[in-house]
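Trainee: here is a sequence together with a model predicted from it:
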Amino acid sequence: MTFITPLILFLKNSHSVRKALTPGLISSLFMSVLFILVRKVPPVCKHMPSFEENECTFDWREVEIGMFLLSIIVIKNRASVSAEQMITSTLMYTKLASAVLFYRLDPRFAIGYCLLCVFRLWLLPDYFVDGPEELTYFSDTTLQESLEEDKRVTWVVLFYTTWSPHCHSVSPVFSELSNEYATKYLKFAKIDIGKYSKAAKTYGVSASTMSHQLPTIIVFEDGKAVDWRPMLGSNKKFVKYVFTEENIKRDFGMNKLYDESLAKCKKFKKGKKEE
């Protein structure tokens with residue numbers, strides 16, 4: 001069951017994996033399995049400290065830590081909104097477990113492993129190659145200008161920051177939605193409120209490190225905000241929102257917005273012909 005759940009999570013989100021693995025993620029994968037390689041692959045394993053008679057065998061404590069790691073991965077990935085988030089989360093916890101396992105062998109191994117992980121992250125950061133998307137990237141001024149330029153256009157805008165892991169996990173989902181629903185009168189956009197703080201203040205989205213509003217999606221119609229997530233609850237605190245593709249489609253009525261945008265296309269196209 002421990003192996004089946006992550007597999008189901010991956011298959012459920014596999015439609016969003018249209019991005020090639022980068023050197024950063026490949027190196028992260030290598031670092032995640034490094035302990036297994038030094039413990040099981042001869043002749044390296046022959047020269048490693050061992051708690052068993054056979055040097056190339058996992059001892060009971062290592063197996064126990066491995067099973068605990070799998071349980072943590074399953075629990076943490078239940079709320080994953082994309083395969084990308086699941087992969088990066090799994091690699092992160094696997095490297096943490098590897099550091100503990102290396103420490104059991106020799107604290108010096110653990111120090112060297114952690115330094116190697118930090119150097120790898122600095123040299124080859126974890127990210128996926130961006131796939132096709134129908135998105136406009138706004139600044140604080142261009143957002144306001146676009147909202148006022150043509151009020152027939154409905155804008156779906158993602159407010160995000162580059163340092164927030166939640167924003168990174170929602171990004172591929174939002175790109176998929178833009179590919180599926182974008183039309184002439186239904187457009188998708190993103191704005192980095194960590195960089196454009198004026199937009200954060202204008203639209204009431206907090207970009208602080210303790211914020212419960214990252215990311216935020218706001219729908220604008222006639223130049224005004226008409227729908228957004230996360231929303232304020234009865235206690236005047238923001239209610240946690242899971243930005244899965246299914247939730248966004250349902251709660252923002254994406255199919256309805258798409259149909260309305262197509263109706264606008266026909267209406268205004270017909271009006272031009274009559275003129």
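Mentor: Cool, got the structure. Keep in mind the model is a prediction, meaning the values are calculated, not measured.

Trainee: C-alpha from now on. contacts and neighbour counts both.
Mentor: Fine.

Trainee: where exactly do the strands run in the protein?
Mentor: In the chain, the strands defined using DSSP state E lie at 135-138, 154-160, 186-192, 216-221, 224-229.

Trainee: neighbouring contacts of the fourth one?
Mentor: Pointing back at strand 216-221 there. For strand 216-221, the surrounding residues in contact (CA atoms under 8 Å, 6 or more residues apart in numbering) are 147, 151-160, 205, 225-230, 252.

Trainee: kindly compare burial across the strands of the chain and name the winner.
Mentor: Mean neighbour count (mean count of other CA atoms under 10 Å) peaks for strand 154-160 among the strands of the chain, with a mean of 25.

Trainee: what helices or strands is that strand leaning on?
Mentor: When contacts are defined as 3 or more CA pairs under 8 Å, 6 or more residues apart in numbering; DSSP states H and E, strand 154-160 sits against strand 186-192, strand 216-221.

Trainee: for the longest one, what is the distance to the chain centroid?
Mentor: Right, strand 186-192. When C-alpha coordinates are averaged (CA atoms, centre = their mean, to the nearest Å), strand 186-192 and its chain have centres 17 Å apart.

Trainee: in its sheet, what does it sit against?
Mentor: If you go by DSSP bridges, strand 186-192 pairs up with strand 135-138 (parallel), strand 154-160 (parallel).

Trainee: show me where the stretch 101-250 of the chain dips below the pLDDT cut-off.
Mentor: 125-133 (pLDDT under 70).

Trainee: hey, where'd the helices end up in it?
Mentor: 107-123, 140-149, 165-181, 197-202, 245-251 (DSSP state H, counting those that start in this stretch).

Trainee: and these, which is most packed in?
Mentor: helix 165-181 (a mean of 20).

Trainee: quick one, that one and strand 186-192 angle?
Mentor: 160 degrees (axes from the mean of the first three to the mean of the last three CA atoms, to 10 degrees).

Trainee: out of the strands of the chain, nearest to residue 92?
Mentor: With CA to CA as the criterion, residue 92 lies closest to strand 154-160 of these, at 22.1 Å.

Trainee: orientation of that closest one relative to helix 140-149 in degrees?
Mentor: For strand 154-160 against helix 140-149, the angle by the same axes, to 10 degrees is 160 degrees.

Trainee: outside of strand 154-160 itself, list whatever touches it.
Mentor: For strand 154-160, using CA under 8 Å, 6+ apart, the contacting residues are 147, 167, 174, 185-194, 205, 214-223, 261.

Trainee: thinking again about what came up before, now distance to residue 267 too, for the helices of the stretch 101-250 of the chain, in CSV please.
Mentor: As requested, these are exported to CSV (distance: least, CA to CA, whole Å):
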stretch, distance to residue 267
helix 107-123, 52
helix 140-149, 19
helix 165-181, 18
helix 197-202, 33
helix 245-251, 25
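
Trainee: point to the residue nearest the middle of the protein.
Mentor: residue 169 (0.9 Å; CA atoms, centre = their mean).

Trainee: how much space between that residue and residue 215?
Mentor: Distance, residue 169 to residue 215, by CA to CA, to the nearest Å: 10 Å.

Trainee: reformat the strands of the chain as a markdown table; add distance to residue 242.
Mentor: Output for those, formatted as a markdown table (distance: least, CA to CA, whole Å):
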| stretch | distance to residue 242 |
| --- | --- |
| strand 135-138 | 21 |
| strand 154-160 | 14 |
| strand 186-192 | 18 |
| strand 216-221 | 11 |
| strand 224-229 | 9 |
